[in-house]
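J.: got a predicted model here, sequence first, then my questions.
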Amino acid sequence: MTPYYSFLLRLWRVSDAEPPLWRVSLENPHTREVLGFDELETLLEYLQSLTRETGLSHPGEAETHPSPLRHEGHSSSETCG
């Protein structure tokens, strides 16, 4: 079976400072688990770690997940952290 991921991605701006501050959440539509991220970079690291584990990325890279912030809820006004 081909590896496959599906997520609902939510992004919201929490600061008008420069550079702007964003929060991100990923929701698994099958389990309703919601992962929160304080930074876009952490989200990207998480997604890259998923593809490394399934062999979709470059071989030989570390197979550790960055630590997303776990939270429940569906409000785009929530902040992670």
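T.: Now that the structure is in, tell me what you want to look at.
J.: every contact and neighbour count from this point should use C-alpha atoms.
T.: Will do.
J.: all helices for this protein, in order.
T.: Under the criterion DSSP state H, helices of the chain are mapped to 40-53.
J.: got the buried residues for stretch 12-24?
T.: Neighbour-count burial for stretch 12-24 flags 22-24 (criterion: 16 or more other CA atoms under 10 Å).
J.: got it, and stretch 37-55?
T.: Applying a neighbour-count criterion of 16+ other CA under 10 Å, the buried positions in stretch 37-55 are 37-38, 42-43, 46, 48-53.
J.: lowest mean pLDDT among the helices and strands, pick that one out for the chain.
T.: Lowest mean confidence among the helices and strands of the chain (mean pLDDT, DSSP states H and E): strand 69-70, at a mean of 52.
J.: which residues of this structure score low on pLDDT?
T.: Residue ranges of the chain with pLDDT under 70: 54-81.
J.: can you pull out the strands in the protein?
T.: Using DSSP state E, the strands of the chain run over 8-15, 21-27, 34-37, 69-70.
J.: turn the ones you listed into TSV, including distance to M1.
T.: As requested, those are arranged in TSV below (distance: least, CA to CA, whole Å):
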stretch	distance to M1
strand 8-15	22
strand 21-27	22
strand 34-37	25
strand 69-70	28
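J.: hmm, L40 is touching S25, no?
T.: No: counting by CA atoms under 8 Å, L40 does not reach S25; the two are 9.9 Å apart.
J.: look up how far Y4 lies from the closest residue to R13 other than its chain neighbours.
T.: Nearest non-adjacent residue to R13, counting by CA to CA, 6 or more residues apart in numbering: W22, 4.4 Å away. As judged by CA to CA, to the nearest Å, W22 and Y4 stand 26 Å apart.
J.: from what I see, R10 and V24 are in contact.
T.: Yes: the criterion here is CA under 8 Å, and R10 meets it with V24 at 5.6 Å.
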